[in-house]
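J.: 3D, please:
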Amino acid sequence: MSTAAIQWDHWRSFIAVAEQGSLSAAARMLRLTQPTLSRHIDLLEQDVGATLFLRSPQGLALSDLGQQLLPEARAMAASAAALERTASAPADATRGVVRLSASKVVGAEILPGLLAPLLARHPGLAVELVLSNRNNNLLRREADLAVRMVRPSQAGLVARKIADLRIGLYAHENYLAAQGCPATQEALVGHVLIGPDRDAAALAALTGTGVTRRMLRFRCDDESAQLNAIRAGMGIGAMQAGIARQNPKLRPVLADSISFRLECWLAMHEDLRHSARVRLVADQLAENLPAALAG
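T.: The predicted structure is shown next:
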C-alpha cells in the first residue's frame, strides 16, 4: 500500500460508492460530477495499490480489500463528522450541531414534537436526527446522543433510564366494528394481522403471542408502514401505547394477554457530559420523553 497522505475526499467518495453501488448514485449523493467521483476512486486505488471495486453490468461491488477497508473508512467519516460538530461551537455554548440517534418509530413519531420547541428557543442550535434500529456506536462518535430501547453496556458511555414503554396490539375502531374484536389469542385467526416480513428480531418478538409470520396478512419491515396500516383500518398490529393514545379511534386488542415492555435509555459519550449543546438536547428529552412515550 502506498504511503501517500490520506485524501479525505477520496475516502468519502469510496464510502458513497460502496453504499450506493454505482458512480452515478454516489455522485448525486455527494453533489459531485460523475467524472470527478470516478477520478477520486481511480486515484484512491492508485494510492492503495489495489482494486477496491469490482465492475459488472449490475454496478460496482467491493473487492475483498474494499470490504476490509470500509469499516475503517466509516470510522474515519464518523470522526470527521464529530470533529465538525465539536468545532461548530465552544463546549459551553448552547449552539452548534447535535447528532441524535433513535429508533425509527420513536424518531419519526415522537421526537419531532419534542425538538420543535427546543429549536424555536435556541436559533443557533441544529439537530441531526439519525433514524436507525441498530445501536449507533457512541464510542466512535457516530452520534452524540442516543435514545435506546436496551440498556447500553459499553464502558465510556453515560446512560440513564428515562422511561418504560408498553407495546400492545391495536386496531382502528372501524376495523373492529366491521370484523369484531377478538376475545382470545385463538380468535386472531381469520383477522388481518399486520407485522414484520423478514426482520428476524421483530419476528422473534412475536414468539409467545401465538402469532406466526404465516398468520400475518400484511407484512412489511418498515415500522412506519405498519403503523400507518393500523391507523388506516387495515387490521390488527403492534404499536407503542403512547403512539396509539394519540389517535382516539385506535382501540387496544387483547391488552390483558399480549403486551411487551421495553426500557428507554438516554446515552451519550462521557466526554460530552460537559457539552452545553448536548446537555441541552439531553435535558429536553429526559424531561419530556417519558410523558410522550406514555401518550
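J.: Wait, Tyr175 touches Met234, no?
T.: Yes. Between Tyr175 and Met234 there is a contact under C-beta atoms under 8 Å: 7.1 Å. Placement of C-beta: from N, CA and C, glycine included.
J.: between these two, what contacts are shared?
T.: Counting by C-beta atoms under 8 Å, 6 or more residues apart in numbering, the common neighbours of Tyr175 and Met234 are Val192.
J.: The two - which one has more neighbours?
T.: Set Tyr175 next to Met234 and count neighbours by other C-beta atoms under 10 Å: Tyr175 wins out with 23 against 18.
J.: Let me see the mean pLDDT of the helix or strand containing Ile243.
T.: Using DSSP states H and E, Ile243 sits in helix 241-244. Averaging pLDDT along helix 241-244 yields 93.
J.: Can you tell me which helices and strands that helix packs against?
T.: strand 157-172, strand 250-253, helix 276-294 (3 or more C-beta pairs under 8 Å, 6 or more residues apart in numbering; DSSP states H and E).
J.: Quick one: the ones you listed as TSV, columns for mean pLDDT too.
T.: Listed next are those as TSV, based on pLDDT from 0 to 100:
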stretch	mean pLDDT
strand 157-172	91
strand 250-253	96
helix 276-294	92
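J.: would you turn these into JSON lines with distance to Arg95 and mean neighbour count?
T.: Output for the helices and strands packed on helix 241-244, formatted as JSON lines (distance: least, C-beta to C-beta, whole Å; neighbours: other C-beta atoms under 10 Å):
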{"stretch": "strand 157-172", "distance to Arg95": "22", "mean neighbour count": "19"}
{"stretch": "strand 250-253", "distance to Arg95": "39", "mean neighbour count": "20"}
{"stretch": "helix 276-294", "distance to Arg95": "6", "mean neighbour count": "18"}
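J.: ok now the helix holding Ile243, how far from the chain's centre?
T.: 19 Å (C-alpha atoms, centre = their mean, to the nearest Å).
J.: swap in stretch 201-214?
T.: Centroid separation for stretch 201-214 versus its chain: 22 Å, with C-alpha atoms, centre = their mean.
J.: Quick one: end-to-end distance for it.
T.: 16 Å (C-alpha to C-alpha, to the nearest Å).
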